[in-house]
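Peer 1: okay, here's the prediction I keep looking at, along with the sequence it came from:
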Amino acid sequence: EVQLVESGGGLVQPGESLRLSCVASGFSFDDWSIGWFRQAPGKEREGVSCINNSDGFTDYANSVKGRFTTSSDNAKNAVYLQMNSLKPEDTAIYHCAAGRTCPETAGGYWGQGTQVTVSS
């Protein structure tokens, strides 16, 4: 059974940082890609980042480039999203999703999500 479990969300002030974790099981982690997505109330779902665990390729949405970094620890079947210089507009539920390639993550396996709230 494929499972993805996110953690690390919380309430922070603008300018602060958070690190989200996504721990996966039930598939060949080293060969798949993990994407991070976010959904804010009243807004469309947005793809935030993606990492290919096979070669380390990463990609980011323009809205987070230079502030967010995704990385993986294949030994732990974990992917991380380091979020720096957080803004109120980053407030959303963040999900990780697994697919065989980055474009396939949106239609792949999803975790339950973790809430990130950026507010003063």
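Peer 2: Good, I have the coordinates. Residues are numbered from 1 along each chain as shown.
Peer 1: check the secondary structure at the spatially most central residue of the chain for me.
Peer 2: Residue closest to the mean C-alpha point of the chain, counted by C-alpha atoms, centre = their mean, is W36 at 2.7 Å. When classified by DSSP: H, G, I helix; E, B strand; the rest coil, W36 comes out as strand.
Peer 1: also A75?
Peer 2: A75 ends up helix, using three-state DSSP.
Peer 1: cool, and A106?
Peer 2: Classification of A106 using three-state DSSP returns helix.
Peer 1: list the contacts of it.
Peer 2: 35, 37, 47, 97, 99 (C-beta atoms under 8 Å, 6 or more residues apart in numbering). Heads up, the C-betas are built off the backbone N, CA and C, glycines and all.
Peer 1: residue ranges of the strands in the chain, please?
Peer 2: Ranges of strands in the chain, per DSSP state E, are 3-7, 10-12, 18-25, 33-39, 46-52, 58-60, 68-73, 78-83, 92-99, 109-110, 114-118.
Peer 1: please report how far the nearest residue to T101 once chain neighbours are set aside lies from G47.
Peer 2: With C-beta to C-beta, 6 or more residues apart in numbering as the criterion, T101 has its nearest non-adjacent residue at 5.5 Å, and that residue is S33. According to C-beta to C-beta, to the nearest Å, S33 and G47 sit 12 Å apart.
Peer 1: of the two, who's got more company?
Peer 2: More crowded of S33 and G47, by other C-beta atoms under 10 Å: S33, with 25 against 17.
Peer 1: was I right to think the more buried one contacts T105?
Peer 2: Yes: judged on C-beta atoms under 8 Å, S33 makes contact with T105 at a distance of 5.6 Å.
Peer 1: list residues touching both of those two?
Peer 2: By C-beta under 8 Å, 6+ apart, the residues touching both S33 and T105 are 50, 98-99.
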